[in-house]
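Novice: this one's structure only:
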């Protein structure tokens, strides 16, 4: 039987190639993902090990100073970090060779045009700590030397190159304070993981760094090197005793491991995304494989019946089909694995191009990756071929004698439709239930969605007839007899049409669902933004740090500024509840934001700094109303009586509680300003924006966003998500093309006689081609229609559950994108039909109409 | 079998083959399917082509009907010379001037009987001549079955639909390739009766390949092919005469 199976594989190369392609894609993604993440993980692991190679013990000391600055006693005061004295004592411990002490924070470097180099959250500044030999072991200087004076800095090599800075030139560096100019003293390379991942690093003289980031004389990080043979754990135990209680002290080995694990966690989301692609490819592939084998079996009915007639058992027939599937699976897995290998290499170099630097390292092919690739490829193929194999085994020996194709039983379709109908009923019921539920509705809907999706796939054959019948008049009137015959042929074998359309339907369901949700949410957010914000600009730090208060004063002096308010964080306790509040300048509040007052008035906040505004939700849950007095305890331990001035409709990005900046300032040593809102005479304009840039001293680390920029900040995330999805759609489309090619090839083969007759009685080649092409388009568009319909339905359902948490929620059906999806599906049909249509048109009429 | 064709059409030629040759392969493996065959099919005449297997009878029909290419010679349908036509025009010619009846009926299972009958006109994008269509349908006697699909019809009924399809577009000539080959004798007789009636009453021209002497006896003329050449012809044949002539082939085949 094995030889028969093998020969069958070889005799249907073209058909099986399609199947192989689908499995291949899936396997390629699985193995590519595993190899890529293994390789990357290994590289990062080595990198971490390397950067902590000389570190025996590393320690981080937290800033434990309280916010209250007026306390005199030393014990209460806490400590900003570790002082030089302690550092020296650690240096004298037995086994310790040296101690390097560091202090670090945000430092943005501008390029000559004043633009920030790097992406904001990986721009670091630190101190240069030369040892006795004048060298800092962590940094290798390729040019110049480390900074030893207040006005000097050193830059990592890539940052210097991107800013085209040379030693001796002036570099503008922004820390959380105003931007300052330094002289570049040197350029270095380092094993620092963050720098190697594309971040920038500025080195200051230690005194400067301490002043910038902490307190003169204090450090926040220590790394200790050991003398040969000394136990790292013992050193760690000694160091712990010398440092404040809640400091993090770990051996170099632990630190390397932690960092590697962090990076691995970071990679896991990428990993999951890629595996999702693989999942989709394989899921859709199952349909394709099953379809192909069903057709192969149907085509070979006589042959198989003959085998049965000459004495092959059912089991042998079934096994022969499964062996055939196994061979296909193995071939697909081998090729898929090789493509996966290429994919992994390609991804790594692609990441290099995209600024995300990846440390070099060997390609790691783990046994897991190999086993997974083959297990997935072979198992999926064999599983998908299971039903067709069973069907093959059921062919009666007598079928070898008959000349006609055995009609497929209608009974099984009845069973199928009943199951599908039931599933659809349960699924829709669950979705409706989920949409009605407030909490956890999302999960219920998810479950219902899954059921409905399965139901639709099960029911697709049933749906194909009426849906295709709907478009028949249109096709007939536009394309004449070709259109009519195409639509009739598409509905002819509902099972096959259904299986073919499923590939597209599943892909498009996913994509449409998320597009509907994404666009709906994006539109709602856009609307909230434009409804609630009157300010023209939002000024914030590129690195999500707080802005130095000096920026507020600087902006106030900018020409054209008509209203301005920093946005500060404030927190206090009322009773047992810990509350976060947004502190704004009360006098400017209504000029910058559009806040709807439910009761009381916002202007009361301008009169008394202790007046607050609360959201309706808080008013309801606490029973507070304007005029009430609320006792509050602040972080510095002080208590204040707060007065409720107004109840407002909640503005999403401002939160539930509004206070005055004056109140917040009273309880914070240094105000934590997340952003500054600015309104200008004349609104948004290039000149106004420039005025703000100038007022801030052309600080590269500060970003200024107009309304469009603010909206993009929110919708940017949604767009990125959708773009990833569209890559997924692309994948579903590729597999769909394969499926359609497969089905059409089979149809053309089966209908040779018909096509021959049509050619004989006068259907020319062009019309034959058009007929096949239209059939493909009808099948594809049918699949797309199901997918888009189901997707929109699911999008609505999910929207129903998140509705409550999104103000201005209104379902938006993105007709333009849906139209694009449908058009793409039609293109898929056209492309898929190229080869089958050609072979149909070239069919030899005479062999086609001759009877056997 | 003494009916003469309608007088005014008797002289006109519907299809004409002149020195028609069809050769497969080259050199040693060369097979001559048709060897310089010259034949006329006159309008309003029912011709049967007979001959033993491999005599070239089907090839002759296929070449004259524009279904197959030929090596040399010429074929004319009406005034149109086929040898110079490209596929597109040849297809148009088949569509507009020729009707076909096949042994395996070859109806489209997705279309109703009526839709199958009007298919050639649908392909051409023409409206069928209603009066003519009614006449054809009433002749084949399937008026109550027009909405049925081929699978719901018997073999004889299917072939009657096929006959109606060939007649419906009023072609200059109808070719039949063993049209009764898949039918029992009663259904076969019915179909042949329709063909004969279409010639007698409607003035249709029919050329039919068959190996059945009884079927051939419905024709006005039988031509016999052997080894790619026309070797004999019987006018107004009887089944017995045809049968005897065919037996001669058999005897020859056995002795040679």
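Specialist: Yes, it's here. Small disclaimer: the values here were computed from a predicted structure and weren't measured.
Novice: Tell me the secondary structure of the residue in the stretch 701-850 of chain A that chain B sits nearest to, please.
Specialist: Taking Cβ to the nearest Cβ as the measure, the point where the stretch 701-850 of chain A comes nearest chain B is residue A:762, at 2.3 Å. Just so you know, the C-beta spots here come from the backbone N, C-alpha and C atoms, and that holds for glycine as well. Under DSSP: H, G, I helix; E, B strand; the rest coil, the three-state class of residue A:762 is coil.
Novice: Torsion angles phi and psi at it?
Specialist: The phi/psi pair for residue A:762 (degrees, to the nearest 10) reads phi 120, psi 20.
Novice: what sits against the nearest residue to residue B:145 once chain neighbours are set aside?
Specialist: Using Cβ to Cβ, 6 or more residues apart in numbering or on different chains and skipping residues adjacent in sequence, the residue nearest residue B:145 is residue B:113, 5.6 Å away. Each residue near residue B:113 by Cβ atoms under 8 Å, 6 or more residues apart in numbering or on different chains is listed here: B:107, B:142, B:145, B:146, B:147, B:148, B:149, B:150, B:153, B:161.
Novice: tell me which element the closest residue to chain A within chain B falls in.
Specialist: Closest to chain A within chain B is residue B:95: 2.3 Å, counting by Cβ to the nearest Cβ. Using DSSP states H and E, the element containing residue B:95 is helix B:87-97.
Novice: Check residue B:207 too.
Specialist: Judged by DSSP H and E, residue B:207 forms part of strand B:206-209.
Novice: Quick one: name the residues of the stretch 101-250 of chain B near chain A.
Specialist: Proximity of the stretch 101-250 of chain B to chain A, by Cβ under 8 Å from any Cβ of the partner chain, involves residues B:102-104, B:106, B:108-111, B:119-120, B:122-125, B:165, B:177, B:181-182.
Novice: please redo it, this time with the cut-off set to 6 Å
Specialist: Contact residues (Cβ under 6 Å from any Cβ of the partner chain) of the stretch 101-250 of chain B with chain A: B:102, B:103, B:104, B:106, B:110, B:120, B:122, B:123, B:125.
Novice: Now, the residues you listed that are in helices?
Specialist: B:120, B:122, B:123 (DSSP state H).
Novice: mind listing the helices for the stretch 351-500 of chain A?
Specialist: For the stretch 351-500 of chain A, the helices defined by DSSP state H, counting those that start in this stretch occupy A:367-384, A:386-393, A:411-436, A:441-490, A:494-532.
Novice: Adding distance to residue A:85 and mean pLDDT, write those out as TSV.
Specialist: Supplementary listing: the helices of the stretch 351-500 of chain A in TSV, determined by distance: least, Cβ to Cβ, whole Å; pLDDT from 0 to 100:
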stretch	distance to residue A:85	mean pLDDT
helix A:367-384	51	87
helix A:386-393	75	85
helix A:411-436	63	83
helix A:441-490	56	85
helix A:494-532	52	85
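Novice: Can you find the helix or strand of chain A with the lowest average pLDDT?
Specialist: helix A:74-77 (a mean of 51; mean pLDDT, DSSP states H and E).
Novice: next SSE after it?
Specialist: strand A:82-83.
Novice: what is the rounded mean pLDDT of that following strand?
Specialist: For strand A:82-83, mean pLDDT rounds to 86.
Novice: And the contacts of stretch A:231-244?
Specialist: With Cβ atoms under 6 Å, 6 or more residues apart in numbering or on different chains as the test, stretch A:231-244 has contacts from A:56-57, A:59, A:61, A:79, A:86, A:89-90, A:93, A:95, A:226, A:249, A:251.
Novice: Can you tell me which of the residues you listed lies closest to chain B?
Specialist: residue A:251 (77.6 Å).
Novice: returning to what we had before: which positions within the helix holding residue B:95 qualify as buried?
Specialist: B:90, B:91, B:92, B:93, B:94, B:95, B:96, B:97 (16 or more other Cβ atoms under 10 Å in any protein chain shown).
Novice: show me what contacts the last one?
Specialist: This means residue B:97. With Cβ under 6 Å, 6+ apart, residue B:97 has these contacts: B:77, B:171, B:172.
Novice: Can you tell me the closest non-neighbouring residue to it?
Specialist: residue B:172 (4.6 Å).
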